[in-house]
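**Student:** sequence-free structure coming up:
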């Protein structure tokens, strides 16, 4: 279900909101005209119960993939094992959806049982690839959270996603979220988590990412994303 917020706020309310969110990065990505009259903390999901979990990492892997004109898929030669974290710097060719089938192939998976994505924005190519993967049975359940800013600034692309993905059972929504993550629960039992500075689409910029195979980390981000859907009134 796609969530659209239609309420507006006054200049005074907008000023108060900006004051409370002064410590939040990228305020330029927060479009205030659609504020839903809840508190700023609620709008950002900050009213959730705080949780802390400590987990040992056995090994950190480091990779700088900027040197050669190759895609991330070409650079990714092996997936991190459980207890390992891959830290990588990428060039401007990073395309978030390209890494999804690459991870599945390298893990020997037939499909992703679940796939969660949070991103500021995406492209028509991202929509087409994800749509074909859902249609072809490579992704069973897909949920995408984009930013409210993107849904307004790139309305045509967002509407393409509504037309192409939602009828296929994809959960799509937008809210004040600036997180960029990809979660993959594979039919092999692996749980991969990508944390990245990059949007789903290529922005022709240097980016950073981490890739981890960890069920607990997967559940942590999954709870966060489900909380966003719940807070915005969306249902599967």
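**Tutor:** Yep, that arrived. Bear in mind the structure is a predicted one, so any value in this text is a computation, not a measurement.
**Student:** Now do the phi/psi pair for the residue nearest the centre of the chain.
**Tutor:** For the chain, the residue sitting closest to the mean C-alpha position, by Cα atoms, centre = their mean, is residue 118 at 1.8 Å. Backbone torsions of residue 118, given as degrees, to the nearest 10, read phi -120, psi 140.
**Student:** Just list whatever residues bridge to it.
**Tutor:** Taking DSSP bridges, one obtains residue 145, residue 181 as the residues bridged to residue 118.
**Student:** what about it, distance to residue 79?
**Tutor:** 21 Å (Cβ to Cβ, to the nearest Å). (Each C-beta comes from the backbone N, C-alpha and C, glycine too.)
**Student:** Need the three-state assignment for the closest residue in space to residue 60 that isn't next to it in sequence.
**Tutor:** Spatial nearest neighbour of residue 60, chain neighbours left out: residue 85 (5.5 Å); criterion: Cβ to Cβ, 6 or more residues apart in numbering. Per DSSP: H, G, I helix; E, B strand; the rest coil, the secondary structure class of residue 85 is strand.
**Student:** Which helix in the protein has the most residues?
**Tutor:** helix 215-231 (DSSP state H).
**Student:** Report all helices and strands that it contacts.
**Tutor:** Packed against helix 215-231, as judged by 3 or more Cβ pairs under 8 Å, 6 or more residues apart in numbering; DSSP states H and E, are the following elements: strand 112-118, strand 139-147, strand 171-175, strand 181-186, strand 191-196.
**Student:** closest to residue 164 out of those?
**Tutor:** strand 171-175 (9.9 Å; Cβ to Cβ).
**Student:** Turn the helices and strands packed on helix 215-231 into a markdown table, columns for mean pLDDT and distance to residue 58.
**Tutor:** Listed next are those as a markdown table, based on pLDDT from 0 to 100; distance: least, Cβ to Cβ, whole Å:
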| stretch | mean pLDDT | distance to residue 58 |
| --- | --- | --- |
| strand 112-118 | 98 | 25 |
| strand 139-147 | 97 | 30 |
| strand 171-175 | 96 | 34 |
| strand 181-186 | 98 | 21 |
| strand 191-196 | 96 | 16 |
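**Student:** Adding distance to residue 203, write those out as CSV.
**Tutor:** Listed next are these as CSV, based on distance: least, Cβ to Cβ, whole Å:
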stretch, distance to residue 203
strand 112-118, 16
strand 139-147, 13
strand 171-175, 18
strand 181-186, 16
strand 191-196, 11
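**Student:** wait, which of the ones you listed is closest to residue 232?
**Tutor:** strand 171-175 (5.2 Å).
**Student:** any idea of the angle that closest one forms with helix 215-231?
**Tutor:** Compare the direction of strand 171-175 with that of helix 215-231 by axes from the mean of the first three to the mean of the last three Cα atoms, to 10 degrees and you get 70 degrees.
**Student:** quick one: buried residues of strand 171-175?
**Tutor:** Within strand 171-175, the residues that count as buried by 16 or more other Cβ atoms under 10 Å are 171, 172, 173, 174, 175.
**Student:** Please produce TSV containing those residues, extended by distance to residue 219.
**Tutor:** Shown next, in TSV, are the buried residues of strand 171-175 (distance: Cβ to Cβ, whole Å):
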residue	distance to residue 219
171	18
172	22
173	20
174	24
175	21
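**Student:** any idea which of those is closest to residue 212?
**Tutor:** Checking the buried residues of strand 171-175 against residue 212 by Cβ to Cβ gives residue 171 as the nearest, at 23.4 Å.
**Student:** my guess is the closest one contacts residue 142, does it?
**Tutor:** Yes. Between residue 171 and residue 142 there is a contact under Cβ atoms under 8 Å: 7.2 Å.
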